[in-house]
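> A predicted structure for the sequence below; I have some questions about it.
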Amino acid sequence: MSESASRPVSDFGSDDVVLPFVVEPLESRGRLVRLGPSVDRILAQHGYPAPVARLVGEAAALTVLLGSALKFEGRFQVQTRTEGVVDMIVIDFDAPDRVRGFARFNAEGLAQAIATHEAAPAQLLGRGHLALTIDQGGDFSRYQGVVPLDGQGLEQAAHQYFLQSEQIPTVVRLAVAESVTGDGVSWRAGGLMMQFLPQSVDRMRQADLHSGDAPDGANIQQGVEDDAWVEAKSLVATIEDHELVDPTLSSERLLYRLFHERGVKVFEGQSVQHACSCSTQRIEDMLRGFTVQERKDMVGDNGRIGVTCEFCSTHRDFDPKDFD
Ligand SMILES: [Zn+2]
């Protein structure tokens, strides 16, 4: 079924992989992401309560879906700032394959949300905004796109982002679940993104023209949706959450299940791993940037400066004398 994939089907599996694909008859292409150990590390090392973990897992799947499109070795960051119980999420994707992340939440607010059954991911997120940043490093400038969050959740926010910023019809599905295996309980996340990218740039314009020239004119509205895109979206809508996170269902199998009637071409997959870019050297450099007095103020009861990485929870401590 795949002309471009050079590895056997089973190699892609369902763990920590991104698979690009194209459904040519529908002029649509997309990516499927399946996260296993990488997202489990992010969620488990912070010990997030399950409802928070579900939301952060969605953000991780979204970040990998979008970040894996980068064609250069830069950083793609998804960040939320909201008034919700989870008021901040930061997920970094360092192209081509590293992901890390953390979130901040209000424990009291969470307990209340759980008690009133209002702890679904979109509800915990609440209102605020979602910022997508691309940083190529060096002298390259940063590019930031911002979408408002009005309680609609990350999937809808992603649709809005693509319509606003790139004017590409896009649909995104995200799912997160705890998976019980012989080794215990672990988190999994999955996501699928599909975009309508007709080869002919006139395709949308034709749709508009057609609506103007329609003989009866009454039933066809301006900007009518292309049939191919309507079909692509309806196929994506059939994906069940459990399919996105099922460890026994290979990624290629899932794509085949969804699009086999139209024919899906699956390209070479990209593996993903959890990795943090923090280092002792970087923190020492940062501490050197402070004044002697500022460093003095950071010294703890043990006489040392303790620094914990927000992303990976690694704790390091330093002797203030080393910087004098
Ligand atoms: Zn770290």
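Cool, got the structure. Numbers count the residues shown, from 1 in each chain.

> what does stretch 295-311 rub up against?
Residues outside stretch 295-311 that contact it (C-beta atoms under 8 Å, 6 or more residues apart in numbering) are 90, 92, 100-102, 276, 278, 283, 287, 290, 314-320, 323. C-beta: built from backbone N, CA, C; applies to glycine.

> where along this structure do the strands fall?
Under the criterion DSSP state E, the chain contains strands at 17-23, 28-35, 75-82, 86-94, 98-105, 127-135, 142-150, 170-181, 184-196, 265-266, 270-271, 273-274, 305-308, 315-318.

> how far does the longest one sit from its chain's centre?
In this case it means strand 184-196. 9 Å (C-alpha atoms, centre = their mean, to the nearest Å).

> neighbouring strands of that strand in the sheet, and parallel or not?
strand 28-35 (antiparallel), strand 170-181 (antiparallel) (DSSP bridges).

> remind me which residues of the chain are low pLDDT?
Residues of the chain that meet the criterion pLDDT under 70 lie in 1-13, 140, 201-223.

> which stretches of the stretch 151-300 of the chain form helices?
For the stretch 151-300 of the chain, the helices defined by DSSP state H, counting those that start in this stretch occupy 153-161, 203-213, 227-236, 241-245, 251-259, 280-288, 292-298.

> sorry, back to before: for the strands of the chain, which one ends up most surrounded?
Of all these, strand 28-35 has the most neighbours on average by mean count of other C-beta atoms under 10 Å, namely a mean of 26.

> ok, back up a step: so which of the strands of the chain gets nearest residue 249?
Closest approach to residue 249 among those (C-beta to C-beta): strand 28-35, 8.9 Å.

> dig out what the single nearest residue of the stretch 101-250 of the chain relative to the ion forms beta bridges with.
Sorted by distance to the ion under C-beta to the ion, the residues of the stretch 101-250 of the chain start with residue 102, at 9.2 Å. Counting by DSSP bridges, residue 102 is bridged to residue 90.

> so what's it up against?
Residue 102 touches 42, 46, 56, 89, 90, 310, 311, counting by C-beta under 8 Å, 6+ apart.

> how much space between it and residue 52?
11 Å (C-beta to C-beta, to the nearest Å).

> what sits against the residue nearest to the spatial centre of the chain?
The geometric centre of the chain, computed from its C-alpha atoms, lies nearest to residue 62 (C-alpha atoms, centre = their mean), at 1.7 Å. Counting by C-beta under 8 Å, 6+ apart, residue 62 touches 78, 91, 154, 158, 172, 174, 191.

> same thing but at 6 Å, please
Residues in contact with residue 62 (C-beta atoms under 6 Å, 6 or more residues apart in numbering) are 154, 174.

> next one: phi and psi at residue 84?
phi -80, psi -180 (degrees, to the nearest 10).

> give me the nearest residue to it, chain neighbours excluded.
residue 126 (2.6 Å; C-beta to C-beta, 6 or more residues apart in numbering).

> how many neighbours does the one you found have?
18 (other C-beta atoms under 10 Å).

> which residue does the stretch 1-150 of the chain have closest to the ion?
Taking C-beta to the ion, the stretch 1-150 of the chain has residue 100 as its residue nearest the ion, at 6.8 Å.

> which residues touch that residue?
When contacts are counted by C-beta under 6 Å, 6+ apart, residue 100 touches 92, 276, 311.

> any idea how far the last one is from residue 305?
When distance is defined by C-beta to C-beta, residue 311 is 19 Å away from residue 305.

> do the same with the first one
Using C-beta to C-beta, residue 92 is found at 24 Å from residue 305.

> picking that back up, is it possible to get TSV of the strands paired with strand 184-196 that adds distance to residue 243?
Formatted as TSV, the strands paired with strand 184-196 follow (distance: least, C-beta to C-beta, whole Å):
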stretch	distance to residue 243
strand 28-35	10
strand 170-181	8
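
> out of those strands, which is closest to residue 253?
strand 28-35 (10.8 Å).

> so what touches the closest one?
In contact with strand 28-35 (C-beta under 6 Å, 6+ apart) are residues 14, 16-20, 22, 61, 64-65, 189-194, 196-197, 232, 251, 255.
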